[in-house]
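Undergrad: missing the sequence, but the structure's below:
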Ligand code: 5GP
């Protein structure tokens, strides 16, 4: 993948407010927070989207994310939060390096706002989709 600004942050060439680091994971405050404590959690591996992540990096992120969430909540005095991870321009990804947003819901209402348009799961379509996805997961 092409290098992004997050690679430069990882190398320390661009300053950031770091909150966590281990062998495979790095976390820092978002430069344009939508709520206080808005934190980005990234793999150190330069990977564009979540589906391309190696198991070891995915496991490391999975272990670190809840711990960082707990710390963000404790530090901001909040209990409600969203975790968001965008993949691809069509899904609002601006920086092509996997990153999870941890976004507390502040008492004054600041936080993630999404427009959720629920559809209806039709039985035939659901059966076909579930079969196709589970087949892709084999092996
Ligand atoms: P995306 O839309 O790709 O999911 O989110 C990218 C996020 O990265 C945005 O929330 C943006 O504010 C944040 N961001 C972009 N450049 C920088 C930077 O140089 N430093 C920090 N700390 N955050 C950044």
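TA: Nice, I can see it. The structure presented is a predicted model; accordingly, all values stated were derived computationally and were not measured.

Undergrad: CA atoms for contacts and neighbours, from now on please.
TA: Noted.

Undergrad: where along the protein do the helices fall?
TA: Counting by DSSP state H, one finds helices in the chain at the ranges 5-10, 55-76, 123-136.

Undergrad: Return the distance of the second one from the chain's centre.
TA: A distance of 10 Å separates the C-alpha centroid of helix 55-76 from that of its chain, computed with C-alpha atoms, centre = their mean, to the nearest Å.

Undergrad: Same check on the last one?
TA: Shown here is helix 123-136, whose average C-alpha point lies 26 Å from the average C-alpha point of the whole chain (C-alpha atoms, centre = their mean).

Undergrad: Then the first one?
TA: Its chain's C-alpha centre and that of helix 5-10 lie 16 Å apart, by C-alpha atoms, centre = their mean.

Undergrad: sorry, back to before: which one, of the helices of the chain, ends up nearest to the ligand?
TA: Using C-alpha to the nearest ligand atom as the measure, helix 5-10 is the one of those that comes nearest the ligand, at 6.1 Å.

Undergrad: which other helices and strands contact that closest one?
TA: If you count contacts as 3 or more C-alpha pairs under 8 Å, 6 or more residues apart in numbering; DSSP states H and E, helix 5-10 packs onto no helix or strand.
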